[in-house]
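K.L.:
coordinates only, no sequence provided:
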């Protein structure tokens, strides 16, 4: 007998569903509590499916809400559902697939895919055959409902559909040809579903689709000029994905496809235009782009620039007509979450230590460099996509774009309509990287014009001008200061204090970029810069304060110890310390403030001493609190929440900044703290970013006050050895660097730890595709180990000398390089045979020194002449004849060989 609801139970549930739509949070909380109680009764879910599928007397939103609550129950409690209840829900879903209401059909589809993905499709074997049969129904609602459900299943269960989980037949072998039949259906909704279903399987190169690829393409081309925007959108999406995975199939048709995409990028429906615009981003990544696109650039570039104009809806969303809003407080939802980037140490070209943050060994995209600055429109839109496409095409075609682009820029940049002028300024910024060489002759006219645009009456023009000028800051800094740098700095600092919040944000970010480019060139203007940035503290709302911290931190990184003057310190530190005291330990605004203080502490050096004790104590406290919370969570995950470890990471990084800036002065702070014990715990954390920052701090403490590190070395070294794993590049990099610093301080006592680390370092230095920074750090650490324990390391010389020399030949003369090469010379003295096969590489590395210290130069001289004397004049001549001419000359003039 089929389950039937009781009248009273049904009435209660309808009442609850109505109440749950109330805006009153107290009512909602009570409803939530009641729902949790009802979940204890198995047939509660029967009532929910009954309301969704059978209770046509109720309004559709209430019925749909019932289905969505059921969906959440299924997702959370699937394995606790009684079989009879689950069977009832499944049969009701299948009977309601063709409901007359599109909202109910969509809700049923969501419920079906939730059941099938939680319980796996294999436990509902009749589902796919039934949905396939429903596709052939003459009832439109039935066909559309089945397709809606299938589309969701294709999105959520793509892998299992292409597996043999159902036996020897893969469902897709049946589904793909079935979907293709509906590409020419008379209903646009059905056509759209059919393409969307197939599109799910393009990127995975599913065999069932590849078998029918020609039929798929033929059908796509047939739909190219479909009247329905949703169909056109799916066609564009398919072609973009095919470009990435099956370009071989598209090549014969590429010219036609380009023509089609040109048309669709101008589609009256912005959703279609955006999907089409993605095509140019994908095409630019393909080698074939240089061959097929040049003939179309004269038509494509104007289309992209037109796409960069704000749409009317954009201007409304951005409140583009609001010029002054600095007094309006920010809403929490306007502030994007910030993630701290852990400190990553590398030996820089000038011998100082630099911090980089790329976990994958590549260069990280800088937030300030993202295209355009309308962060309130964080959604990807046609404007952003068009600008990104122009940027990437400028990088492909370089100055080849300019004959087409310059006339457009002349027309747009000086246009009377503000929104067209604004799009021209964005386009000029977008091409900065790719077309820089070709733009240089025009910059002496354009930069002053852009500087004048910083005073435009429209805030959106002022804000985009900040961004575009930042893209040309490298050129500005290379010119005489009076020409461009000073006027730009003056105007940009005025915009930092603009009455419009969007302009403040753009100006602050642009100024940070200018700081990075100008570095110590800014020293003469420091007083004026600090005055402005400090005044901004009194003006800025919440969101822009976070960007202001970045600008101050970048300034400190850029000018370094030049900031250490009483006047500057008295200007800068009070507002920072005021914020520091104001923020609570659990406030995430601490992240950017701590990052900023880390840079400031490093720059101010002894100037930071008056502030160091409270800062040190709070950092230790943040680390301790996080470790305690993490211990509680690990022991009782059901009772405690996982802590946010970013608090610990930023605190570790600020302590690194203190150690680096205060040097030996940090010793007094360490004496009465348990910091070394906390560091020992952090080094063993399971989160890579925590370990990364821990090892950076360990290296900095080793340099600043080794007497505190030395007693812990027996505990620390095995942990460092275990983390020499190049799969986690930044952790490995910092561990390697810390080992090198400890070696120099520990001297020959390092001997007992060499077996823990040497083999792994040799593996890393020989590993293909190891990032340059990690190779350099590894080579320096091996050299330093050789310096203090040559006998323990030299026996492996033949296994690493060639990549060692190749890694260090390109870095400038500095202390790290000096200690590493002295180590190499010691090892060669102990085991000269280990270098014989690769001696030419050693000679090349020696020649890379511009000005070695006398002691090191004497070592080089001794080894080169010793080798020459050993092999004899004739053999040496034959050997040195293989050298490139420049190398021969360098060695002859510097060492007389």
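P.N.:
Alright, I've got the coordinates. This structure is a prediction, so every number in the text was calculated from the model and none was measured.

K.L.:
could you look up the SS state of residue 277?
P.N.:
Here residue 277 is recorded as helix under DSSP: H, G, I helix; E, B strand; the rest coil.

K.L.:
actually residue 415, not the one I wrote
P.N.:
coil.

K.L.:
same question, residue 482
P.N.:
coil.

K.L.:
number of residues surrounding it?
P.N.:
By other CB atoms under 10 Å, 8 other residues sit near residue 482. Any C-beta I mention is one placed from the backbone N, CA and C, and that applies to glycine too.

K.L.:
equivalent analysis for residue 839, please.
P.N.:
Applying other CB under 10 Å, we find 18 residues neighbouring residue 839.

K.L.:
just the buried positions in the strand or helix carrying it, please.
P.N.:
Assigned by DSSP states H and E, residue 839 belongs to helix 839-847. For helix 839-847, burial by neighbour count (16 or more other CB atoms under 10 Å) applies to 839, 841-847.

K.L.:
go ahead and measure how far that helix is from the middle of the chain.
P.N.:
Here helix 839-847 is found 39 Å from its chain centre; the criterion is CA atoms, centre = their mean, to the nearest Å.

K.L.:
so which elements touch it?
P.N.:
On a contact count with 3 or more CB pairs under 8 Å, 6 or more residues apart in numbering; DSSP states H and E, helix 839-847 meets helix 797-808, helix 815-830, helix 854-871, helix 885-895.

K.L.:
and the contacts of it?
P.N.:
Contacting residues not belonging to helix 839-847 are listed as 801-802, 804-806, 808-809, 821, 824, 828, 835, 860, 863-864, 867, 879, 882-883, 887, 890-891, 894-895 [CB atoms under 8 Å, 6 or more residues apart in numbering].

K.L.:
same question for stretch 266-281.
P.N.:
Under CB under 8 Å, 6+ apart, the answer for stretch 266-281 is 229, 232-233, 236-237, 239-240, 243, 257, 261, 264-265, 300, 303-304, 306-307, 311, 380-382, 385-386, 388-389, 392-393.

K.L.:
for stretch 567-587, what does the pLDDT average out to?
P.N.:
Regarding stretch 567-587, the rounded mean pLDDT is 93.

K.L.:
can you list the buried residues in stretch 583-595?
P.N.:
Neighbour-count burial for stretch 583-595 flags 588-595 (criterion: 16+ other CB under 10 Å).

K.L.:
can you tell me which of those comes closest to residue 734?
P.N.:
Of all the buried residues of stretch 583-595, residue 595 has the smallest distance to residue 734: 17.1 Å, by CB to CB.

K.L.:
quick one: the closest one from residue 719, how far?
P.N.:
The gap separating residue 595 from residue 719 is 26 Å, by CB to CB, to the nearest Å.

K.L.:
dump the buried residues of stretch 583-595 into TSV; add secondary structure as well.
P.N.:
Below are those laid out as TSV (three-state DSSP):
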residue	secondary structure
588	coil
589	coil
590	helix
591	helix
592	helix
593	helix
594	helix
595	helix
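
K.L.:
which of the contacts of stretch 266-281 are buried, as a PyMOL select command?
P.N.:
Remark: buried members of the contacts of stretch 266-281, expressed as a PyMOL selection using 16+ other CB under 10 Å:
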select buried, resi 229+232+233+236+237+239+240+243+257+261+264+265+300+303+304+306+307+381+382+385+386+388+389+392+393
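
K.L.:
average pLDDT across the one helix or strand residue 407 maps to?
P.N.:
Using DSSP H and E, residue 407 maps to helix 402-413. When pLDDT is averaged over helix 402-413, the result is 97.

K.L.:
equivalent analysis for stretch 6-21, please.
P.N.:
Averaged across stretch 6-21, pLDDT comes to 86.

K.L.:
which residues of the stretch 351-500 of the chain score low on pLDDT?
P.N.:
351-378 (pLDDT under 70).

K.L.:
show me where it has helices.
P.N.:
Counting by DSSP state H, counting those that start in this stretch, one finds helices in the stretch 351-500 of the chain at the ranges 382-397, 402-413, 418-430, 436-453, 459-471, 473-478, 485-496.

K.L.:
phi and psi next, for residue 896.
P.N.:
phi 70, psi 30 (degrees, to the nearest 10).

K.L.:
actually residue 266, not the one I typed
P.N.:
With angles defined as degrees, to the nearest 10, residue 266 sits at phi -110, psi 20.

K.L.:
and of the buried residues of helix 839-847, the nearest to residue 452?
P.N.:
The nearest one, if we look at the buried residues of helix 839-847 relative to residue 452 and count by CB to CB, is residue 847, at 51.4 Å.

K.L.:
so who does the closest residue to residue 863 other than its chain neighbours touch?
P.N.:
Ranked by CB to CB, 6 or more residues apart in numbering and with sequence neighbours excluded, the top spatial neighbour of residue 863 is residue 828, at 5.6 Å. Residues near residue 828 by CB under 8 Å, 6+ apart: 794, 797, 834-835, 842, 863.

K.L.:
which residues in the chain form strands?
P.N.:
Secondary structure of the chain (DSSP state E): strands located at 344-347, 353-356.

K.L.:
remind me, longest helix of the chain?
P.N.:
Ordering each helix of the chain by length in residues (DSSP state H) puts helix 609-635 first.

K.L.:
in that one, what counts as buried?
P.N.:
Neighbour-count burial for helix 609-635 flags 611-612, 615-616, 618-620, 622-627, 629-630 (criterion: 16+ other CB under 10 Å).

K.L.:
between those residues, which is nearest residue 28?
P.N.:
residue 629 (29.7 Å).

K.L.:
do you know the pLDDT at the closest one?
P.N.:
pLDDT at residue 629 comes out at 95.

K.L.:
quick check: chain neighbours aside, which residue is closest to it?
P.N.:
residue 643 (3.7 Å).

K.L.:
for that neighbour, give its distance to residue 843.
P.N.:
54 Å.

K.L.:
which residues of the stretch 701-850 of the chain fall in helices?
P.N.:
Using DSSP H, counting those that start in this stretch, helices in the stretch 701-850 of the chain cover 706-709, 713-722, 729-746, 754-766, 772-788, 790-793, 797-808, 815-830, 839-847.

K.L.:
mean pLDDT and distance to residue 501 added to the ones you listed, as TSV?
P.N.:
What follows is the helices of the stretch 701-850 of the chain, written out as TSV (pLDDT from 0 to 100; distance: least, CB to CB, whole Å):
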stretch	mean pLDDT	distance to residue 501
helix 706-709	96	46
helix 713-722	97	46
helix 729-746	96	34
helix 754-766	96	47
helix 772-788	96	38
helix 790-793	96	58
helix 797-808	96	47
helix 815-830	96	44
helix 839-847	94	54
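
K.L.:
residue 567: which of these is closest?
P.N.:
Of all these, helix 815-830 sits nearest to residue 567, with 32.1 Å by CB to CB.

K.L.:
what angle do the closest one and helix 772-788 make?
P.N.:
50 degrees (axes from the mean of the first three to the mean of the last three CA atoms, to 10 degrees).

K.L.:
so which bits of helix 815-830 are buried?
P.N.:
Judged by neighbour count using 16+ other CB under 10 Å, the buried positions of helix 815-830 are 816-828, 830.
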